[in-house]
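*Asks:* for reference, the sequence and a predicted model appear below.
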Amino acid sequence: MPRPRTLIVDDTPLNLKLLSALLAANQFPIATATSAEDAAALLATEDYGLLLLDVRLPGIDGLALARQLRADARHARLVIVAVTANAMKADEAAALDAGCDAFVTKPINTRTLVATLDALLASAPRLL
């Protein structure tokens, strides 16, 4: 199955570089943004199947962007993965409540992330 076009949103250059390199090396076509505002602009003009979204962003935070996207029928099929250093159960619940499909904690486990994303994409009802 071809990997979906993926938008990675993170305001930390090192995190953006790591995620970009890892996904590109595994045949994910990627684009990047460093803010929710930039991501929203890209999502308004391009189609993506997967969004890796940092929760803590300057300006509009990642969960607010997730809520905006879920309120827009154009993004109904978009799979959203919250990426955050906040690893508490309440943080995960807040991400899922905002419309995220999954929750991945930082530091990113580079050995398991691609398999986690593949499993999520294979089971995502939005993609059917």
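*Replies:* Ah, there it is.
*Asks:* please name the residues that touch the spatially most central residue of the chain.
*Replies:* Centroid-nearest residue in the chain: Leu52, 1.6 Å away (criterion: CA atoms, centre = their mean). Leu52 makes contact with 6-10, 19, 23, 81, 83, 104, according to CB atoms under 8 Å, 6 or more residues apart in numbering. No exception for glycine: its C-beta is placed from N, CA and C like everyone else's.
*Asks:* among the residues you listed, which two are most distant?
*Replies:* Comparing every pair within those by CB to CB identifies Leu7 and Val104 as the most remote, at 14.9 Å.
*Asks:* returning to what we had before: phi, psi of the closest residue to the residue nearest to the centre of the chain other than its chain neighbours?
*Replies:* Leaving aside its sequence neighbours, Leu52 sits nearest to Ile8 (CB to CB, 6 or more residues apart in numbering; 4.7 Å). Main-chain torsions, Ile8, degrees, to the nearest 10: phi -110, psi 130.
*Asks:* start the count at 2 instead of 1 going forward.
*Replies:* Understood, numbering begins at 2; the last thing we discussed is Ile9.
*Asks:* Ile9 pairs with what?
*Replies:* For Ile9, the beta-bridge partners are Thr33, Leu53 (DSSP bridges).
*Asks:* show me the contacts for it.
*Replies:* For Ile9, the contacting residues are 17, 20-21, 24, 31-34, 53, by CB under 8 Å, 6+ apart.
*Asks:* please redo it, this time with the cut-off set to 7 Å
*Replies:* Going by CB atoms under 7 Å, 6 or more residues apart in numbering, Ile9 touches 17, 20-21, 31, 33, 53.
*Asks:* do you know how far the nearest residue to Leu54 once chain neighbours are set aside is from Ala41?
*Replies:* Counting by CB to CB, 6+ apart, Gly63 is the residue found nearest to Leu54 once chain neighbours are left out, at 4.4 Å. Relative to Ala41, Gly63 is positioned 11 Å away (CB to CB, to the nearest Å).
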